[in-house]
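Trainee: Model the following, please.
(one chain, ligands or ions: 1)
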Amino acid sequence: MPDKVESFATRPDAVVADRLVKYFGQGNARVLAIDHACLSAAFGEILFIVGPSGSGKTTFLSIISGILRPDGGVVRVNGVDLWNLPEDQLADFRLNTIGFVFQDYHLFPRLTSAENVAIPLILKNVDWKSALASANMFLDVVGLKGCGDVFPLKLSGGEQQRVAIARAIVSSPPILILDEPTASLDGDTGRMIIAFLREKILNPRRCILIVTHDPRISEFADRIVHMADGKVTGLDKELR
Ligand SMILES: Nc1ncnc2c1ncn2[C@@H]1O[C@H](COP(=O)(O)OP(=O)(O)OP(=O)(O)O)[C@@H](O)[C@H]1O
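Mentor: Numbers count the residues shown, from 1 in each chain. Modelled structure (predicted):
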């Protein structure tokens, strides 16, 4: 088991997770979900986290993205010690630094696509009119020009995924994290979404982390981290 996962070439670190530990449950039911797992992800790369069901991928991702507090270890995102931030600063930091795309998109069905995308800007106190204008611009970026007034349930799975991606990047966060982004999509649509992330969304100031079990998209990764039983067990380096 690698004690540390090496950084990608000489690029600056976007995310460093150092010896993370996470337990769930109590007493006899206590489960060690993350067992001293380490990871470094650099700006300018797409890093995949793969592993069998129950290996700890979603838990690891939730800790790295500031959603779930670890029982041990350190996470540095953009140089900031995430879990040492006070609660209010953690929420602000997450809003400004990390875009998260959930597996089932988490779009609000009663809001239009543009309103869904505008939410992070509203949370940052951007006025409603400017937020909607930016949201429509980002819908254009993800290939959904003119869909701002459409409600999410009227869109296909791939289109809903794009709305979720637009919402995750509307406030230009340097770190983009996606949990099983292709799990609910057919093969071609899944590949199109990841190719789109690589071509249009990745840049030298952005890092994209993707949890996946989907072997059809592995060609889009710069590096692949393997997990098993809560541990990081290996790294496929510089695939592109
Ligand atoms: N809220 C929870 N309460 C109790 N145990 C949990 C909880 N969340 C996860 N676990 C356990 O932690 C371990 C890691 O789960 P996790 O969901 O992170 O794995 P995963 O690799 O993402 O799995 P999958 O690919 O099926 O989503 C598993 O043993 C799981 O049962």
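Trainee: and the worst-scoring helix or strand of the chain on mean pLDDT, what does it pack onto?
Mentor: Lowest by mean pLDDT, DSSP states H and E among the helices and strands of the chain is helix 187-196, with a mean of 85. Contacts defined by 3 or more Cβ pairs under 8 Å, 6 or more residues apart in numbering; DSSP states H and E place helix 187-196 against helix 157-169. C-betas here are computed from N, CA, C, even on glycine.
Trainee: mind exporting the helix it packs on as PDB, just the C-alpha atoms?
Mentor: C-alpha atoms of helix 157-169 as PDB (Å, rounded to 0.1, in the frame of the first residue of the first chain):
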ATOM      1  CA  GLY A 157     -30.400  12.200 -18.300                       C
ATOM      2  CA  GLY A 158     -27.300  13.500 -20.200                       C
ATOM      3  CA  GLU A 159     -28.900  17.000 -20.300                       C
ATOM      4  CA  GLN A 160     -29.700  16.900 -16.600                       C
ATOM      5  CA  GLN A 161     -26.100  15.900 -15.900                       C
ATOM      6  CA  ARG A 162     -25.000  18.900 -17.900                       C
ATOM      7  CA  VAL A 163     -27.200  21.200 -15.900                       C
ATOM      8  CA  ALA A 164     -25.600  19.800 -12.700                       C
ATOM      9  CA  ILE A 165     -22.200  20.400 -14.200                       C
ATOM     10  CA  ALA A 166     -23.100  24.000 -15.100                       C
ATOM     11  CA  ARG A 167     -24.300  24.500 -11.500                       C
ATOM     12  CA  ALA A 168     -21.000  23.100 -10.200                       C
ATOM     13  CA  ILE A 169     -18.900  25.400 -12.300                       C
END
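Trainee: near the ligand, which residues of the protein show up?
Mentor: 24-25, 31, 33, 51, 53-59 (Cβ under 6 Å from any ligand atom).
Trainee: Just put those in a markdown table and tack on secondary structure, neighbour count and pLDDT.
Mentor: Formatted as a markdown table, the residues of the chain next to the ligand follow (DSSP: H, G, I helix; E, B strand; the rest coil; neighbours: other Cβ atoms under 10 Å; pLDDT from 0 to 100):
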| residue | secondary structure | neighbour count | pLDDT |
| --- | --- | --- | --- |
| 24 | strand | 13 | 97 |
| 25 | coil | 10 | 94 |
| 31 | strand | 12 | 94 |
| 33 | strand | 24 | 97 |
| 51 | coil | 22 | 92 |
| 53 | coil | 7 | 91 |
| 54 | coil | 14 | 92 |
| 55 | coil | 23 | 94 |
| 56 | coil | 25 | 95 |
| 57 | helix | 24 | 94 |
| 58 | helix | 18 | 91 |
| 59 | helix | 22 | 95 |
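Trainee: what two of these are the furthest from one another?
Mentor: 25 and 51 (20.6 Å; Cβ to Cβ).
Trainee: Quick check, residue 105 in contact with residue 166.
Mentor: No: look at residue 105 against residue 166 with Cβ atoms under 8 Å: they stay out of range, at 11.1 Å.
Trainee: ok, the two, which is more surrounded?
Mentor: Neighbour totals were compared for residue 105 and residue 166, and residue 166 leads with 30 against 19 (other Cβ atoms under 10 Å).
Trainee: May I ask which helix or strand encompasses the spatially most central residue of the chain?
Mentor: By Cα atoms, centre = their mean, the mean C-alpha position of the chain lies nearest to residue 177, the distance being 0.8 Å. Take DSSP states H and E as the rule and residue 177 turns out to sit in strand 175-179.
Trainee: tally of neighbours for residue 184?
Mentor: For residue 184, using other Cβ under 10 Å, the count is 15.
Trainee: Can you tell me the closest non-neighbouring residue to it?
Mentor: residue 157 (5.4 Å; Cβ to Cβ, 6 or more residues apart in numbering).
Trainee: residues contacting that neighbour?
Mentor: 184-185, 189 (Cβ atoms under 8 Å, 6 or more residues apart in numbering).
Trainee: Done for today, thanks.
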